[in-house]
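K.L.:
Could you look at this predicted model? Sequence included:
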Amino acid sequence: MEAAASSPSPEQPLLAPPQSAAGAGAGPGSHPSTPPPPAAARPSRLAALIGRAAGRRGPSMLVRETAALQLDRRRADWAHSRPVVALDVAWNVAFAAAAAAVLAASTAESPAKPLRLWLVGYALQCVVHVSLVCSGTRRRPAAPARGPDIESGAANSSESDEGNDEEAMEERASSTDRCESVNTMVSFLWWIIGFYWVVTGGDLLEQGAPRLYWLTVVFLAFDVFFAVFCVVVACFIGVALCCCLPCVVAILYALVGQEGASDADIGVLPRYKYSDPSENGEKGTDEGVMIPILNNSGTATSERILLREDAECCICLSSYEDGVELSALPCNHHFHSTCITKWLRMHANCPLCKYNILKGSEN
C-alpha cells in the first residue's frame, strides 16, 4: 500500500532484492545498468562503524519509545482501575481524617512552629487529590473492545462517529491530569516547608506539641517512602526498556493478553532463514542472504539480500546469526521471528513505522 511504501525509515532500504546480470538489462525501455565500483557498492568499514555509533540506535529507540508508550497506557489503565482508585481514595481520606482528629484533640498544645497550619494544608491537599481522582475516573474514556467485525464497514463508521466524543473525553481527562500535576508540585513544596519546620523546631516541638509533631513526622515519612518507591520503579522500567526489551514485551503480553494480531495473522507473514556468508567460509562480503522458508499458509517469497549493517533485530538489539529464523512485515521491516511474534500479539503495528498488519495501513 502507499502508506507503507512511503513510510520513512532510518535504515531504508532494509531488504534489497538480489540482482543478476541476466536480469539487469531485461525488459523493453530499460536502460542498461553498469555495476558500481566496489567502493560505492558496499559501505566501508569506517562508514559502517560511524553509522553504528551515530545513528544505528535510531530504530531501536523507536521500538523502545513505542514500548514505553504501551507501558504508560497500561499504567494509566491500572491506576484508574476500581481497586486502585478505592485504595487511593481510602488512603487519602484516612490521612485527612487523622489530621482533623489530631487537630481537634490538640487544642491545648502550643507548637513553636505553625504545625497546625501545615496539617490543615496537608489535609486540604488530600481532599483535592481525592476529588481529582474521582473526577478523572469518571471522565476517562473506556478502552474500545475488539470485536470480530473490527474491519467491517459498520465498525469503521461507528468508530468514526465515536471519535469526536472520545477526543472530548480525553481533553477533559488531560485537564484533570494537569490539575493533578499542579497539586503534586504544591504538595512537594508543602513537604519541604513541613520538613524545615520539624527540623528547626527540634525538641521544642516534641515537648510543646507532641501530637502535632509526631503526626507531622508520620506524614513526612510516608511521603518520602512513596517518593522513593516511585523513583525505584521508574528507574527499573527505564533500565528494562534499554537493556531487556524482550522481557518488557513478554510482561506487556501477559498483562494485556490477546489484544494484537492472532496466531493466524502472524503465521502468514513471510519467513526467512538468515545465511551469513562469512560463517560459510566466504570472505570479502558485507551482505547476508535471507533465504525464504514456508510459512503457515504454505507459501514463500523470493530470496533477499541484507546488508551487514542492517542485520540486526531492533527489538532485542542482537545481530542476526547464521541459521536464525526471521520474519518480515508488509512494510519491509524484519525482526527475529520470536521477538516480532511476541510484539504483534501485544500490538498489531510494526514497532518501527506503525504499519498495521491487520488493516494494511499506517496507524
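P.N.:
Great, that's in hand.

K.L.:
Below-threshold pLDDT in the stretch 251-363 of the chain: ranges please.
P.N.:
251-259, 279-285, 296-298, 300, 360-363 (pLDDT under 70).

K.L.:
Tell me which stretches of it form strands.
P.N.:
271-275, 287-293, 304-307, 325-328, 334-336, 355-356, 361-362 (DSSP state E, counting those that start in this stretch).

K.L.:
which strands and helices sit next to the longest one?
P.N.:
If I follow you right, that is strand 287-293. strand 271-275, strand 304-307, strand 325-328 (3 or more Cβ pairs under 8 Å, 6 or more residues apart in numbering; DSSP states H and E). (Glycine included, C-beta is placed from N, CA and C.)

K.L.:
To residue 194, which of those lies closest?
P.N.:
Checking the helices and strands packed on strand 287-293 against residue 194 by Cβ to Cβ gives strand 325-328 as the closest, at 56.2 Å.

K.L.:
who touches that closest one?
P.N.:
15, 266, 269-274, 290, 293, 301, 304, 320, 334-338, 340-341 (Cβ atoms under 8 Å, 6 or more residues apart in numbering).

K.L.:
circling back to that earlier point, now, of the strands of the stretch 251-363 of the chain, which is deepest in the fold?
P.N.:
strand 334-336 (a mean of 24; mean count of other Cβ atoms under 10 Å).

K.L.:
Adjacent strands (with direction) for it?
P.N.:
strand 325-328 (antiparallel) (DSSP bridges).

K.L.:
Format the CA atom coordinates belonging to the strand it pairs with as PDB.
P.N.:
What follows is strand 325-328, C-alpha atoms only, in PDB (Å, rounded to 0.1, in the frame of the first residue of the first chain):
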ATOM      1  CA  GLU A 325      14.700 -17.500  11.700                       C
ATOM      2  CA  LEU A 326      13.400 -14.100  10.700                       C
ATOM      3  CA  SER A 327      10.000 -12.600   9.900                       C
ATOM      4  CA  ALA A 328       9.300  -9.700   7.600                       C
END
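
K.L.:
quick one: residue 352 and residue 104, what's the gap?
P.N.:
Note on residue 352: its distance to residue 104, by Cβ to Cβ, to the nearest Å, is 61 Å.

K.L.:
more crowded one of the two?
P.N.:
residue 352 (25 against 8; other Cβ atoms under 10 Å).

K.L.:
Would you confirm that that one contacts residue 313?
P.N.:
No. At 11.3 Å, residue 352 does not count as touching residue 313 under the criterion of Cβ atoms under 8 Å.

K.L.:
returning to what we had before: of all the strands of the stretch 251-363 of the chain, which lies closest to residue 175?
P.N.:
Short answer: strand 361-362, nearest of the strands of the stretch 251-363 of the chain by Cβ to Cβ, at 29.4 Å.

K.L.:
Contacts made by stretch 188-207 with the rest, please.
P.N.:
Residues contacting stretch 188-207 (Cβ under 8 Å, 6+ apart): 111-115, 118, 121-122, 125, 212-214, 216-217, 219-220, 223.

K.L.:
same thing but 7 Å
P.N.:
Here stretch 188-207 makes contact (Cβ atoms under 7 Å, 6 or more residues apart in numbering) with 111-113, 115, 118, 121-122, 125, 213, 216-217, 220, 223.

K.L.:
Same list (those) but as JSON lines, adding neighbour count, pLDDT and secondary structure.
P.N.:
Output for these, formatted as JSON lines (neighbours: other Cβ atoms under 10 Å; pLDDT from 0 to 100; DSSP: H, G, I helix; E, B strand; the rest coil):
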{"residue": "111", "neighbour count": "23", "pLDDT": "87", "secondary structure": "coil"}
{"residue": "112", "neighbour count": "16", "pLDDT": "86", "secondary structure": "coil"}
{"residue": "113", "neighbour count": "23", "pLDDT": "89", "secondary structure": "coil"}
{"residue": "115", "neighbour count": "25", "pLDDT": "91", "secondary structure": "helix"}
{"residue": "118", "neighbour count": "24", "pLDDT": "95", "secondary structure": "helix"}
{"residue": "121", "neighbour count": "17", "pLDDT": "95", "secondary structure": "helix"}
{"residue": "122", "neighbour count": "21", "pLDDT": "95", "secondary structure": "helix"}
{"residue": "125", "neighbour count": "19", "pLDDT": "93", "secondary structure": "helix"}
{"residue": "213", "neighbour count": "25", "pLDDT": "92", "secondary structure": "helix"}
{"residue": "216", "neighbour count": "26", "pLDDT": "93", "secondary structure": "helix"}
{"residue": "217", "neighbour count": "15", "pLDDT": "94", "secondary structure": "helix"}
{"residue": "220", "neighbour count": "18", "pLDDT": "95", "secondary structure": "helix"}
{"residue": "223", "neighbour count": "17", "pLDDT": "92", "secondary structure": "helix"}
